[in-house]
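Engineer: sequence unknown, structure follows:
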């Protein structure tokens, strides 16, 4: 099949005959799956570019099909086909990651335009790169997916570590199992143990009923521990035991639960340095570091900038509108910038450009970059020609802010430092990550 092939997942093909005919006139090949268990074999065999899924099937078994689709092929666009009787199911699917929802009639011009807009987002195996190192990384990720080993994905914030983790899960023997992601930096320390290992009723104040932890939820699948260097040393010791014994005991419980879970960990720090500094357990490091993969920052792979920009442009383009193009000056501006925030920052820039543009082409002045980077660019940096929606601090103010953060962290944990600074712990974590990326040494934990 060509890359503009579309998979329609529906228990009844006949009502969609007009849509099938209209898609044929757009030179799109159409494949059908009538049951959820037919979806993965079709996606694995053919280069499908888009999935149109009946709302009732997408929500079967609590949205399992949609979650599995996003685990197998994280960047695959999924559109829900709904009707008046299943609008609630369609809304639930949209919350769980579907890109769009279509209502009958399905063969009108607006519907076909929305389908056409999403087709360029798809790529074979969700991999967009022209960089040789990334192609090698992609090859290694496919190899490691075939072997049930623990993986560490290292790279700066925003480089796409979770996307790669989902790719590994989706191409492994565990692909039909759950993919459970835990953001270790976002969960308060006093709740992390209960979140990971679960708890029994009455284990602590407020535990009104038993709850399985993330390890149990990931049974027969993959557990992603995102930013694992953020967890405390005490919890690291308990995590090590779970990984060694492959069993978990809920808080307040007495039963050991056998685990069949693959663990993938991500970090934006050098874990070897964290071990040397006493902030990360050496035994846990070696337990996790079976197969490390390093994702290079975007500034080191300029060949990827424009392909990724086009994918993100297609993803965020307003519904019903023709896909915008980049002017030659805009392309050069994207290439000249050094992307300290990596792919996540690129996505923000593209979204702002779609708001700022005045025609069907994105011009250089529409590109509003977030910050001056400490890293040297490969070429001359494009001068910002439109004010950012949320402009960066000036160098002097940024320096004052950084000094205040460093002072607050002296002899305090991060929660206390955030309270002293009058900001949320989440905001503090973000600012610390930006400071660390700029080469500043951060005291404490």
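Structural biologist: Perfect, I can see it now. Just so it is clear, the structure is predicted and the values come from calculations on it, not from any experiment.
Engineer: Now whichever strand or helix holds residue 163: buried residues?
Structural biologist: Counting by DSSP states H and E, the element that carries residue 163 is helix 161-170. Using 16 or more other CB atoms under 10 Å as the test for burial, helix 161-170 gives 161, 162, 164, 165, 166, 167, 168, 169, 170. All C-beta spots, glycine's among them, are computed from the backbone N, C-alpha and C.
Engineer: any idea of the mean pLDDT for it?
Structural biologist: Across helix 161-170, the average pLDDT comes to 91.
Engineer: Packing partners of it?
Structural biologist: Using 3 or more CB pairs under 8 Å, 6 or more residues apart in numbering; DSSP states H and E as the contact definition, the elements that helix 161-170 packs against are helix 60-72, helix 132-145, strand 151-154, strand 179-183, strand 222-226, strand 262-267.
Engineer: Repeat the analysis, applying 10 Å as the threshold.
Structural biologist: In terms of contacts (3 or more CB pairs under 10 Å, 6 or more residues apart in numbering; DSSP states H and E), helix 161-170 is packed against helix 39-45, helix 60-72, helix 132-145, strand 151-154, strand 179-183, strand 222-226, strand 262-267, strand 291-294.
Engineer: from the middle of its chain, how far away would the following helix or strand past the fifth one be?
Structural biologist: So that's strand 179-183. Using DSSP H and E, the helix or strand that directly follows strand 179-183 along the chain is helix 189-197. Here helix 189-197 shows a centroid-to-chain-centroid distance of 22 Å under the convention CA atoms, centre = their mean, to the nearest Å.
Engineer: Report all helices and strands that the very next helix or strand once past helix 189-197 contacts.
Structural biologist: Under the assignment DSSP H and E, the closest C-terminal helix or strand after helix 189-197 is strand 198-199. When contacts are defined as 3+ CB pairs under 10 Å, 6+ apart, strand 198-199 packs onto strand 211-212, helix 214-217.
Engineer: again, only this time at 7 Å
Structural biologist: In terms of contacts (3 or more CB pairs under 7 Å, 6 or more residues apart in numbering; DSSP states H and E), strand 198-199 is packed against strand 211-212.
Engineer: What's the separation between the spatially closest residue to residue 100 that is not a sequence neighbour and residue 97?
Structural biologist: Residue nearest to residue 100 in three dimensions, not counting chain neighbours: residue 79, with 4.6 Å by CB to CB, 6 or more residues apart in numbering. Note on residue 79: its distance to residue 97, by CB to CB, to the nearest Å, is 11 Å.
Engineer: okay, these two: which has more neighbours?
Structural biologist: Each of residue 79 and residue 97 has its neighbours counted (other CB atoms under 10 Å); residue 79 has more, 23 against 14.
Engineer: can you tell me which residues contact that one?
Structural biologist: The neighbours of residue 79, taking CB atoms under 7 Å, 6 or more residues apart in numbering as the test, are 50, 52, 98, 99, 100, 102, 115, 118.
Engineer: which one among these gets closest to residue 195?
Structural biologist: residue 98 (26.5 Å; CB to CB).
Engineer: Tell me how many other residues crowd the closest one.
Structural biologist: A count of nearby residues for residue 98, using other CB under 10 Å, gives 23.
Engineer: again, but for the one 5 residues further on
Structural biologist: Applying other CB under 10 Å, we find 13 other residues in the vicinity of residue 103.
Engineer: Start at 60, not 1
Structural biologist: Shifting the count to begin at 60 puts that one at residue 162.
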